[in-house]
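# Dropping the sequence and predicted coords here.
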Amino acid sequence: MCGALFYDQVVVYEDAIKHNKIYEITNARITPLKPEYKTNESGLDYQMTFNNRTIVQLVDIDDDSAVINYHPISHLPRATDYSEMFDNVGIVLFVEEHSRQVKTSKNKEATVREIVLIDHSTTQPLSISVWDELAEDDCTMLIPTPGKFRTVRLIALRVSKHKGFSMTTSTSTVFIHSPTGENAESLASWMTNHQTALTQLQARLFSVKLPLGAERTNKISALRSKKAKTALQDERHWLDVTIPNAEFHKINAYMGCSKCGKRSSIPPGRTYTCDTCSEPDCTSVPKVTFTFEISDGTGSLLFTAFTTTNENLFRMSAADIFQMKHTDDEQTFTAVQELLHLNSFRVQVGPAAALSINNILQWVVKQVVIDGDDGNASKKEATEKVSAQTETVNTSKELQPKSDSSLNHHAGNKLANPTVPATEAVTNDLAASNVFVDTTNLAETKPSGNADMDLPLAQLTKKKAKKDKAGSPSAHPS
Ligand SMILES: [Zn+2]
């Protein structure tokens, strides 16, 4: 069967998929293939396409490390049931200065602290969420002195979707501070021979984790030239952008649940208990999703914005946008178009979760800041989730976002809490949506027994390609 990469994916996957290697591919889409696009007569009449849920992992058939239950970072399974436990030996790059109190999904207080490890198998460091008493002395002992490295062995870790791909301690986890054995010794000698590279990686990690100075504005072209192997999952960049070509048909305005945004047929004014979020006292309110290209003159990124962001961009209420859309009021939209074209705003972008999962680099919007038209200080887009992706994926018609997609869980709390990053308030309603959401900043979920399996299945994808290039239905790579 033929596999096909589209647009940016061709570049993005360049280092992630190599000729003659064996990969386990999970969550790829299989679609019928038109005969004219067949490259191999004996191949199946189907093709495999990749989206933001797709996991591509190298299968190293000569590797026997699985037998002894020790896993180099790159071999840890990205697609798993989250109940399996793994042992890791790694080099400590970073330890969060202090433990933090966080609320778990069950609204209980928990203590967590992040440590970051690396080993010989990857350029992408592994983040580990360390919980409860392990977050204290065991972590403090690991705080690295710059330029000096040490190994640690962690027993009984689980994999997690936090930050795309990371690990989390379990109730059985044990820290071994002076690991011995063949794996630990070979990693220690690798560490001795790679001090310079490790120092550089650590410096990059520190600059992302503990940024100094003001936030500088970057350019899309500069981000595009970055490679996955020198990008870090937590890095963020600010861009000054406009929307040069807003298109009316890319506005999707509908009535949805006031709590979770799920499309609703209940008439406005009546309260109901929502089937999707199970919250009582929901009402139907106007919701707006809008997909467009943001540009800073050096390049562009595709971005899908949700209700609150759109209200700020359009300088209109969701109700007015709804009205404009459903009365085909192109005249009003022309004025909006002009506004979007002329007024710049700031977006914060970072790597999509695919960096830690597949080691591929795609930039997605994490946060939007729009200056008020009254000249007030900029409002930080807060409680609403934003999502975006670079123009990847493909042009297959069936991959268009379905019209009932909606993510406006917090649209009612417009700008209520300006300190909350836009992506943090992610809830299970994402699972019902068809819009790509980057899960990089999902709130940490504390494991308790198997309870950490209730993570939102958030990365539902289906995003339309950057342009409807006329004449290229289900375009095939040339
Ligand atoms: Zn709801």
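That came through, no problem. Numbering: from 1, shown residues only.

# tell me how far the helix or strand hosting Thr192 is from the chain's mean position?
Thr192 is part of helix 182-193, with elements assigned from DSSP states H and E. Here the centre of helix 182-193 is set off from its chain's centre by 32 Å, with C-alpha atoms, centre = their mean, to the nearest Å.

# Show me what that helix is packed against.
strand 86-95, strand 151-160 (3 or more C-beta pairs under 8 Å, 6 or more residues apart in numbering; DSSP states H and E). (Each C-beta comes from the backbone N, C-alpha and C, glycine too.)

# Can you list the strands that the last one pairs with?
Right, strand 151-160. strand 86-95 (antiparallel), strand 166-176 (antiparallel) (DSSP bridges).

# In PDB, list the C-alpha atoms belonging to it.
Extracted C-alpha coordinates of strand 151-160, given in PDB (Å, rounded to 0.1, in the frame of the first residue of the first chain):
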ATOM      1  CA  THR A 151      22.400   9.300  35.400                       C
ATOM      2  CA  VAL A 152      19.400   8.100  37.200                       C
ATOM      3  CA  ARG A 153      17.300   5.000  36.900                       C
ATOM      4  CA  LEU A 154      13.500   5.200  37.300                       C
ATOM      5  CA  ILE A 155      11.500   2.000  37.800                       C
ATOM      6  CA  ALA A 156       7.900   1.600  37.000                       C
ATOM      7  CA  LEU A 157       7.000   4.700  35.000                       C
ATOM      8  CA  ARG A 158       4.000   5.100  32.900                       C
ATOM      9  CA  VAL A 159       3.700   6.900  29.600                       C
ATOM     10  CA  SER A 160       1.500   9.900  29.400                       C
END
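
# ok, and what's touching it?
76-78, 80, 82-92, 117, 128-129, 142, 165-170, 172-177, 179, 184, 187-188, 191, 445, 447, 452, 455 (C-beta atoms under 8 Å, 6 or more residues apart in numbering).

# So which bits of it are buried?
151-155, 157-160 (16 or more other C-beta atoms under 10 Å).

# Repeat that for stretch 234-252.
Quick answer for stretch 234-252 (16+ other C-beta under 10 Å): 234-239, 241-243, 246, 251-252.

# Check the average confidence over that stretch, would you?
Confidence over stretch 234-252 (mean pLDDT, whole number) is 95.

# try stretch 11-31
86.

# So what would you say the end-to-end distance of it is?
22 Å (C-alpha to C-alpha, to the nearest Å).

# how about it: buried residues?
Buried-residue list, stretch 11-31, by 16+ other C-beta under 10 Å: 12-13, 16-17, 28-29, 31.

# from these, which two are the most distant?
Ala16 and Thr31 (21.3 Å; C-beta to C-beta).

# Assign a three-state SS to Gly164, would you?
Following DSSP: H, G, I helix; E, B strand; the rest coil, we place Gly164 in the coil state.

# thought it was touching Gly350?
No - the criterion here is C-beta atoms under 8 Å, and Gly164 misses it with Gly350 at 10.6 Å.

# still on that earlier bit, for the helix or strand that the helix holding Thr192 is followed by, give me every contacting residue.
With elements assigned by DSSP H and E, the helix or strand that comes after helix 182-193 is helix 195-209. For helix 195-209, contacts defined as C-beta under 8 Å, 6+ apart pick out 91, 93-94, 116, 118, 123, 125, 144, 146-147, 149, 191, 230, 232, 234-236.

# of these, buried ones?
Here, 16+ other C-beta under 10 Å leaves 91, 93-94, 116, 118, 123, 125, 144, 149, 191, 232, 234-236 buried among the contacts of helix 195-209.

# so which two of those are the farthest from each other?
Top of the distance list for those (C-beta to C-beta): Met191 and Arg236, 28.8 Å.

# Turn the buried residues of stretch 11-31 into JSON lines, including distance to the ion and secondary structure.
Listed next are the buried residues of stretch 11-31 as JSON lines, based on distance: C-beta to the ion, whole Å; DSSP: H, G, I helix; E, B strand; the rest coil:
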{"residue": "Val12", "distance to the ion": "35", "secondary structure": "helix"}
{"residue": "Tyr13", "distance to the ion": "37", "secondary structure": "coil"}
{"residue": "Ala16", "distance to the ion": "37", "secondary structure": "coil"}
{"residue": "Ile17", "distance to the ion": "39", "secondary structure": "coil"}
{"residue": "Ala28", "distance to the ion": "31", "secondary structure": "coil"}
{"residue": "Arg29", "distance to the ion": "28", "secondary structure": "strand"}
{"residue": "Thr31", "distance to the ion": "32", "secondary structure": "strand"}
